[in-house]
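Enquirer: Structure for this input, please:
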Amino acid sequence: MGKDLGYSKWPLPRRNRSFVIVSLLLCIVFLAQSSASIAMKQNGGPPWDDLEAALLELTEAEAKFVSVEEMIEEKERELSSLLRAEDKEEALEISFLLEMKEAEDMARELAIEAYMGGDPMSSAAYLLGADSVGDLSFRRAILLETVDAVEKQSKVYAEMRDNASVAGLELVTQIDDVLVAILVEKQKRSQAEDGIRRAEYVVEIAQIHASANVLKAQNGYVEPTDEQWRKLRFCESTEQYDISTGNGYFGAYQFDLITWVGVGGEGDPSKAPPEEQDARARYLYHLNSWFPWPVCGRYLPQ
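Expert: As a prediction, this is how the structure comes out:
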């Protein structure tokens, strides 16, 4: 493409138990798929150009989501069973145990906050940062209030625990385990949702390649090699997928907006991910051969 191309010549179709443990568990994240690769075909990566494989991965991602949903429902039923009271006395005991657990959680959270922001060194720095005697007194009072809050909440929890039965403490442990499991499964659900969105995007790109394959069969153009595509990109844009110099051409393949829309793209081509630019460039090639790139097209099969 580039500055030498007039696209009007190419009409295109429109196509607790521990608060700390819970926090650590919730830090689990999926590693994002790197977008640094600029090869047309990526070994070991998503099946960008294989629609059948992309659909299979989407099916697996959806099945994983369903499995996680079922596990959440199972754990919620388990929690409901633990909280079910047979009589008033049992209901009162469960209510007491839940209050005790809330007191425990609050004590742990206050202790963690105090540790994270009020250890001796940071406390000293906080006091030394005072601008005046009045400010120093205020900061000292804040620190003392924090310590006092932790001590009071810990005392409330200790007293409640002393008054709980052995069976009650065991029940609290079971409830805590189930709550942690539910939190973990909900994080897995969020990851599974991300996995579905990613798989749907791969299917979208694979569908572009599938359409290009149809054109290839119809028009009989020779498939360019990865090296030929690389040379084309380097000639057009020095392989910069995000290039936008203001000359009316965008991205690694220097699409203009009319052609980009014509091959199904939306928005600014230079803001599209590399795999989408690759797919739409391949579609364009099998539609009109190397002609849309009158200068740099010399690197493609003639």
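
Enquirer: which residues of the stretch 1-150 of the chain score low on pLDDT?
Expert: The stretch 1-150 of the chain contains residues with pLDDT under 70 at 1-44, 86-87, 104, 107-136, 138-150.

Enquirer: try 50
Expert: 3-43, 118-121 (pLDDT under 50).

Enquirer: Now for V214, how many residues are close by?
Expert: 11 (other CB atoms under 10 Å). For every residue, glycine as well, the C-beta is placed using N, CA and C.

Enquirer: ok, now A279?
Expert: Applying other CB under 10 Å, I find that A279 has 27 neighbouring residues.

Enquirer: Kindly report the same for E93.
Expert: Neighbour number of E93 under other CB under 10 Å is 17.

Enquirer: OK, contacts around it?
Expert: A85, S165, G168 (CB atoms under 8 Å, 6 or more residues apart in numbering).

Enquirer: mind checking the longest helix of the chain?
Expert: helix 166-219 (DSSP state H).

Enquirer: what packs against that one?
Expert: helix 19-25, helix 51-83, helix 88-118, helix 274-288 (3 or more CB pairs under 8 Å, 6 or more residues apart in numbering; DSSP states H and E).

Enquirer: quick one, which of those helices is nearest to Y253?
Expert: helix 274-288 (4.3 Å; CB to CB).

Enquirer: Can you list the buried residues in the closest one?
Expert: Using 16 or more other CB atoms under 10 Å as the burial criterion, the residues of helix 274-288 that qualify are 274-288.

Enquirer: distance of Q240 from P269?
Expert: Distance, Q240 to P269, by CB to CB, to the nearest Å: 12 Å.

Enquirer: which of the two has more neighbours?
Expert: More crowded of Q240 and P269, by other CB under 10 Å: P269, with 28 against 15.

Enquirer: Need the per-residue pLDDT for that one.
Expert: Per-residue confidence at P269 stands at 97 (pLDDT).

Enquirer: Which single one of the buried residues of helix 274-288 is nearest to S211?
Expert: The closest of these, once distances to S211 are taken by CB to CB, is Y283, at 6.0 Å.

Enquirer: Now do that closest one against G248, distance only.
Expert: 21 Å.

Enquirer: do A212 as well
Expert: 25 Å.

Enquirer: go on, A54?
Expert: 33 Å.

Enquirer: Could you check which of the two has the larger neighbour count?
Expert: A54 (24 against 14).

Enquirer: E223 is in contact with K216, correct?
Expert: Yes - under the criterion of CB atoms under 8 Å, K216 makes contact with E223 at 6.8 Å.

Enquirer: Compare the two (neighbour count), which wins?
Expert: Under the criterion of other CB under 10 Å, the comparison of K216 against E223 puts K216 first, with 18 against 15.

Enquirer: show me what contacts the residue nearest to the more buried one when sequence neighbours are not counted?
Expert: Nearest residue to K216, sequence neighbours excluded (CB to CB, 6 or more residues apart in numbering): H286, at 4.6 Å. Contacts of H286 were listed using CB under 8 Å, 6+ apart, and they are A212, N213, L215, K216, N219, Y221.

Enquirer: per-residue pLDDT, the fourth one?
Expert: I take that to be K216. For K216, pLDDT reads 97.

Enquirer: now do the first one
Expert: In this prediction, A212 carries a pLDDT score of 97.

Enquirer: okay, now it: neighbour count?
Expert: 23.

Enquirer: quick one: contacts for the nearest residue to it once chain neighbours are set aside?
Expert: Distances taken as CB to CB, 6+ apart place Y283 nearest to A212, at 4.3 Å, with adjacent residues excluded. Y283 makes contacts with I208, H209, S211, A212, L215, V263, G264, as judged by CB under 8 Å, 6+ apart.
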